[in-house]
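*Asks:* need a structure here:
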Amino acid sequence: MKIKIDIDCTPHEARAFFGLPHLEPMQDAVLGKMQERLTDYLEATDPEALLKLWLPGGLQGLGQMQETLWKQFMGGFSAASAPDEKKGKR
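*Replies:* The predicted model follows:
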């Protein structure tokens, strides 16, 4: 025996029916404070300082990372083709 009940209600109505607290005002207050703090931080921060924080080595560090990844990428291809070269196949 199966019993199926479909209830068509909004999330707000469901919370009220089950007696759950209405947290929307608290969430709005917390999000407002978070937005205010983030906005204040971004306004006070120098863009150059942010770049130094995100990329400690500057563009040189980014170039070194790219070079390392390229070497690993090319090393994978040479390692994959190595067994064929030993057999004389290509």
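
*Asks:* got phi/psi on Asp46?
*Replies:* Dihedral angles of Asp46 (phi, psi; degrees, to the nearest 10) stand at phi -80, psi 130.

*Asks:* swap that for Ile3, sorry
*Replies:* Per degrees, to the nearest 10, the backbone of Ile3 is at phi -120, psi 130.

*Asks:* now Glu67
*Replies:* Per degrees, to the nearest 10, the backbone of Glu67 is at phi -60, psi -40.

*Asks:* per-residue confidence at it?
*Replies:* Here the pLDDT value assigned to Glu67 is 87.

*Asks:* and for Ala80?
*Replies:* 59.

*Asks:* please apply the same query to the one 5 residues further on.
*Replies:* Reported pLDDT at Glu85 in the predicted model: 52.

*Asks:* got it, and the one 5 residues further on?
*Replies:* pLDDT, Arg90: 50.

*Asks:* quick one, strands of this structure?
*Replies:* In the chain, no strands are defined using DSSP state E.

*Asks:* chain center to stretch 3-14: distance?
*Replies:* 34 Å (Cα atoms, centre = their mean, to the nearest Å).

*Asks:* compute the first-to-last residue distance for it.
*Replies:* 20 Å (Cα to Cα, to the nearest Å).

*Asks:* any idea how far Gln72 is from Met65?
*Replies:* Computed with Cβ to Cβ, to the nearest Å, the distance linking Gln72 and Met65 is 11 Å. Every residue, glycine included, has its C-beta placed from N, CA and C.

*Asks:* those two: which has the busier surroundings?
*Replies:* Legend: neighbour count by other Cβ atoms under 10 Å for Gln72 and Met65, higher for Met65 (12 against 9).

*Asks:* overlap of the contact sets of Gln72 and Met65?
*Replies:* Common contact partners of Gln72 and Met65 (Cβ atoms under 8 Å, 6 or more residues apart in numbering): none.

*Asks:* where's the residue nearest the centre of the chain relative to Leu69, distance?
*Replies:* The chain has Trp54 as the residue nearest its centroid, 14.9 Å off, counting by Cα atoms, centre = their mean. From Trp54 over to Leu69 the distance is 18 Å, taken as Cβ to Cβ.
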